[in-house]
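Participant: Generate a structure from the sequence data that follows.
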Amino acid sequence: MNKPHKHAKLIKLWADGAEIEGSADYGNCWYVTANPNWESPFCQFRLKRPDWQQKLIDAAKEGKTIEFLSLGIRWHTSSLNRQLDNYEFGALTETDFRIKPEPKPDTTLDYHVQSLSSTNKIQSRVNLRLTFDGETGDLKKSEVIHGN
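Facilitator: As a prediction, the model looks like this:
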């Protein structure tokens, strides 16, 4: 029996309408090719990445941090940022990865106390400043500001 072509599975998928990506530089740069040169000894081929994977790859190339969900509980920074373009995601899905969100800024609230001066004028000044964590909403810092 004849040995199947090394790209036989991809050739069949391509013939059925699947998009194929090629790389001529050891997988450093992938491009969609309408007419793959299946016989080239210098080219690699693969099935085109799903959009969610390509979005992660592009974000990593832009220097954004990619995170993965560990045990369905906590997000961790991926060590694959530089290698995502050649990573085989296997059974992993888009819910297992994310682009790390930009941190939310802290919120600061100033509280004023009004009092009467010796001349019965209402005085108002900041005397309490509370800072809340932008990510968790937890109180991060409280300051008592003494009057002038």
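Participant: any idea how far the residue nearest the centre of the chain is from residue 75?
Facilitator: Centre of the chain computed as the mean C-alpha position; nearest residue by C-alpha atoms, centre = their mean is residue 99, 0.8 Å away. The gap separating residue 99 from residue 75 is 11 Å, by C-beta to C-beta, to the nearest Å. Bear in mind the C-beta positions are built from the backbone N, C-alpha and C, glycine included.
Participant: now residue 81
Facilitator: On the measure of C-beta to C-beta, residue 81 and residue 75 end up 14 Å apart.
Participant: Looking at these two now, which is surrounded by more residues?
Facilitator: Legend: neighbour count by other C-beta atoms under 10 Å for residue 81 and residue 75, higher for residue 81 (16 against 13).
Participant: State the distance from the more buried one to residue 62.
Facilitator: With C-beta to C-beta as the criterion, residue 81 and residue 62 are 10 Å apart.
Participant: Domain map for this protein?
Facilitator: Per the record, the chain has its domains at 8-99, 107-144, by automatic domain parsing.
Participant: Tell me which of those domains sits nearest to residue 2.
Facilitator: Closest approach to residue 2 among those is made by domain 8-99 (10.6 Å; C-beta to C-beta).
Participant: first vs last residue of stretch 69-78, how far apart are they?
Facilitator: 9 Å (C-alpha to C-alpha, to the nearest Å).
Participant: how about it: buried residues?
Facilitator: Across stretch 69-78, burial judged by 16 or more other C-beta atoms under 10 Å covers residue 78.
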